[in-house]
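In: Got a predicted model here, sequence first, then my questions.
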Amino acid sequence: MTIIRQERTIIPVAGGKGGIGKTLLTANLAISLASMGHKTVVVDLDLGGSNLHTFLGLSGEGPGIGTFMHTGKSRLETYLTATNWRNLSFIPGDCNIPFTGNIHHQTKLRLIRNLLDIPCRYLLLDLGAGSSHNTLDFFRMSDRGMVVTTPEAASVQNMLGFLSNLIFRVIERALRNNPPTHKALRQLLRLHGERHAPLSVEAILEEIGAIDARAASDIKKACLRYRPRLVLNMGRHPDDLLRIEGSFAATRRLLSLYTDPFGFVFDDPTVRESIDHGMPLVEFDPDCTAAKSIAHIAQRIVYVWDKTLNEPDQALLNHTRKFYEFIQKDARQRSMRDMLSSPMRNLFPNLFS
């Protein structure tokens, strides 16, 4: 009897800095995908600072990644924890185990192998903020990871820093078994660091190619594998997508890396209310602006995640503009209803008749 393995999509979710809503987005995306009928597992890989369980509305974290790495026994799959949603399981970060954030390379490889063995349709990985080697290596588990940013300049800059570190990590690992070219890469990076000058992937390929043409070819192939998906969180206007278009050009020019605009989540005060109530956003108010934005991203994951998109993605831009118009119209209608229900109606009935 032939067993056909179900197709699986791994989605690491990263961000260049903290405070951008990455974990909230991951939790609610996982719930949305599970609610659509897909077997989903969400894993807290913010080593040393895990708190994904709070955004899932769970009271305790329980044993998970920390215990798995500390004991060196059993399989990661045994730490799967049930949630309040059908089709959704969770693996806690378990950061109460000391030094969870500092793991040896072999331990990381063991963790990655076990993550790849988890049976599900969608595997979402909530990564720690920043660009540590652990975070970059977890992100490299997929050719199409998700990078979250906000429209603020500092957040966009940190996103570009993350993508830069990602591509240099890809290059560095591609040369790990080639000592001469690896040494040349280190010298090149140090030289440009001392000059405070940006270093392009094309410049690296030229330098490495002069030493080892085959190594340069391998680097280029490795870099072309990756096509991160960008989600703009806490956006205020659809034009925010256009304002950060320059960052896409920068990644192409310097890093030879294409990024796909994939989602837009509108800034919404309901997010803070859901956090204060200890409830996932899509459960607290599924009709709020941010929850609908996240639901749209979940739909795009199901239908276009593996497709090549445009920069900017016109379909995403059109949807965001229409949704913005709907939000504005709804706000005007609510404002009018509030006015009609105010004491002014009783004082001046003829005015509102």
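Out: On my side now, so go ahead. Residues are numbered from 1 along each chain as shown.

In: Need the phi and psi values for Glu152.
Out: phi -60, psi 150 (degrees, to the nearest 10).

In: Report the rounded mean pLDDT for the longest helix along the chain.
Out: Longest helix in the chain by number of residues (criterion: DSSP state H): helix 314-340. On average, the pLDDT along helix 314-340 is 80.

In: now stretch 278-293
Out: For stretch 278-293, mean pLDDT is 96.

In: then it to PDB, C-alphas only?
Out: C-alpha atoms of stretch 278-293 as PDB (Å, rounded to 0.1, in the frame of the first residue of the first chain):
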ATOM      1  CA  GLY A 278      -6.400  37.700  27.200                       C
ATOM      2  CA  MET A 279      -8.200  36.600  24.100                       C
ATOM      3  CA  PRO A 280      -7.100  36.100  20.500                       C
ATOM      4  CA  LEU A 281      -8.100  38.900  18.200                       C
ATOM      5  CA  VAL A 282     -10.100  36.800  15.800                       C
ATOM      6  CA  GLU A 283     -12.100  35.400  18.800                       C
ATOM      7  CA  PHE A 284     -12.500  38.700  20.600                       C
ATOM      8  CA  ASP A 285     -13.900  40.600  17.600                       C
ATOM      9  CA  PRO A 286     -13.800  38.700  14.300                       C
ATOM     10  CA  ASP A 287     -15.400  41.600  12.600                       C
ATOM     11  CA  CYS A 288     -12.900  44.300  13.600                       C
ATOM     12  CA  THR A 289     -10.600  45.800  10.900                       C
ATOM     13  CA  ALA A 290      -7.400  44.000  12.000                       C
ATOM     14  CA  ALA A 291      -9.100  40.600  12.300                       C
ATOM     15  CA  LYS A 292     -10.500  40.900   8.800                       C
ATOM     16  CA  SER A 293      -7.100  41.900   7.500                       C
END
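
In: which of the residues in that stretch are buried?
Out: By 16 or more other CB atoms under 10 Å, the buried positions in stretch 278-293 come out as 280-286, 288-293. Where you see a C-beta, it was placed from the backbone N, CA and C, and this is true even at glycine.

In: and those, which of them are in helices?
Out: Judged by DSSP H, the buried residues of stretch 278-293 include Leu281, Val282, Glu283, Phe284, Thr289, Ala290, Ala291, Lys292, Ser293 as members of helices.

In: Verify the stated contact: the fifth one with Thr270.
Out: Yes. With contacts defined as CB atoms under 8 Å, Thr289 counts as touching Thr270 at a distance of 7.3 Å.

In: got the residue ranges for the strands in the stretch 101-250 of the chain?
Out: 122-127, 146-149, 229-235 (DSSP state E, counting those that start in this stretch).

In: got the angle for the longest one vs helix 314-340?
Out: For the pair strand 229-235 and helix 314-340, the angle between their directions (axes from the mean of the first three to the mean of the last three CA atoms, to 10 degrees) equals 20 degrees.

In: Strand 229-235 pairs with which strands?
Out: Strand pairing for strand 229-235, using DSSP bridges, gives strand 146-149 (parallel), strand 260-266 (parallel).

In: Find the one among these with the highest mean neighbour count.
Out: A comparison of those by mean neighbour count, using mean count of other CB atoms under 10 Å, puts strand 146-149 on top with a mean of 27.

In: Using PDB, list the CA coordinates for that strand.
Out: Presented in PDB, the C-alpha positions along strand 146-149 are these (Å, rounded to 0.1, in the frame of the first residue of the first chain):
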ATOM      1  CA  MET A 146       7.100  35.800   6.300                       C
ATOM      2  CA  VAL A 147       8.700  39.100   7.400                       C
ATOM      3  CA  VAL A 148       6.700  41.600   9.500                       C
ATOM      4  CA  THR A 149       7.200  45.300   9.600                       C
END
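
In: Can you name the residues in contact with that strand?
Out: Residues outside strand 146-149 that contact it (CB atoms under 8 Å, 6 or more residues apart in numbering) are 11-16, 20-22, 25, 155-156, 158-159, 162-163, 228-233, 244, 259, 262.

In: circling back: quick one: which of the strands of the stretch 101-250 of the chain is nearest Lys108?
Out: Smallest distance to Lys108 across the strands of the stretch 101-250 of the chain (CB to CB): 12.7 Å, for strand 122-127.

In: Would you map the helices across the stretch 1-150 of the chain?
Out: 22-35, 52-55, 65-71, 105-116, 133-139 (DSSP state H, counting those that start in this stretch).

In: Adding mean pLDDT, distance to Asp240 and mean neighbour count, write the ones you listed out as a markdown table.
Out: Listed next are the helices of the stretch 1-150 of the chain as a markdown table, based on pLDDT from 0 to 100; distance: least, CB to CB, whole Å; neighbours: other CB atoms under 10 Å:
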| stretch | mean pLDDT | distance to Asp240 | mean neighbour count |
| --- | --- | --- | --- |
| helix 22-35 | 98 | 16 | 26 |
| helix 52-55 | 94 | 24 | 22 |
| helix 65-71 | 89 | 34 | 20 |
| helix 105-116 | 94 | 33 | 15 |
| helix 133-139 | 95 | 24 | 21 |
